[in-house]
Each structure stands twice: as C-alpha cells, then as structure tokens.
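S.K.: The following comprises the amino acid sequence and a computationally predicted model.
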Amino acid sequence: MPRPNRFYDVIRIGPVQVGSHYDGRGRTKHTAACTAPGCGFSADYRDRPAAELAAKTHRCKA
Ligand SMILES: [Zn+2]
C-alpha cells in the first residue's frame, strides 16, 4: 500500500505546485498550493484536472 501524504506527480504551474497524494483511506486527493511567500493559497481537490485548473487560474496575491 502506498503511504499516506506522500506527494507524487508534482508539477509546477507558475508559482503553484500541484501534487497528488493518498489520504490513507483509499482515496487520492489532489492539492494545489502556492509557493509564493505571503500568499498562503492551498486547496484540495477530488480531481486532478480541477487542481491543475485551480493552479492555472490562481491569481497570486503575493
Ligand atoms: Zn499565490
């Protein structure tokens, strides 16, 4: 079994990183997280395309 909270398929879209991970309960979550200092944007999505879309459309406040 894959270990939970290990990100894989991490990509970067602008300042936002998108990665997928198992939540340890048999599901995969997809997280988009902005790496810009002071931004703090981070969100989980059930679908990888949704996470990538969020990364692409993220308007960074930082
Ligand atoms: Zn940002």
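M.R.: On my side now, so go ahead.
S.K.: Give me the number of neighbouring residues for residue 50.
M.R.: 15 (other CB atoms under 10 Å). Heads up, the C-betas are built off the backbone N, CA and C, glycines and all.
S.K.: Am I right that it is in a strand?
M.R.: No: with DSSP: H, G, I helix; E, B strand; the rest coil as the criterion, residue 50 is helix rather than part of a strand.
S.K.: Looks like it contacts residue 30 (just checking).
M.R.: Yes: using CB atoms under 8 Å, residue 50 is in contact with residue 30, at 7.0 Å.
S.K.: who's in contact with the residue nearest to residue 42 when sequence neighbours are not counted?
M.R.: What sits nearest to residue 42 in space, not counting adjacent residues and going by CB to CB, 6 or more residues apart in numbering, is residue 33, at 4.2 Å. Residue 33 makes contact with 16, 17, 18, 19, 41, 42, 43 under the criterion CB atoms under 8 Å, 6 or more residues apart in numbering.
S.K.: What is the nearest of the residues you listed to residue 8?
M.R.: residue 19 (6.8 Å; CB to CB).
S.K.: Now for that closest one, how many residues are close by?
M.R.: Using other CB under 10 Å, residue 19 is surrounded by 18 other residues.
S.K.: check which helix or strand covers it.
M.R.: strand 16-22 (DSSP states H and E).
S.K.: circling back to that earlier point, the helix or strand hosting the residue nearest to residue 42 to strand 16-22, inter-axis angle?
M.R.: If you go by DSSP H and E, residue 33 is part of strand 28-34. Note on geometry: by axes from the mean of the first three to the mean of the last three CA atoms, to 10 degrees, strand 28-34 and strand 16-22 are set 160 degrees apart in direction.
S.K.: Report the rounded mean pLDDT for the helix or strand following strand 28-34.
M.R.: Counting by DSSP H and E, the next helix or strand C-terminal to strand 28-34 is strand 42-45. Summarised as a single mean, pLDDT over strand 42-45 is 97.
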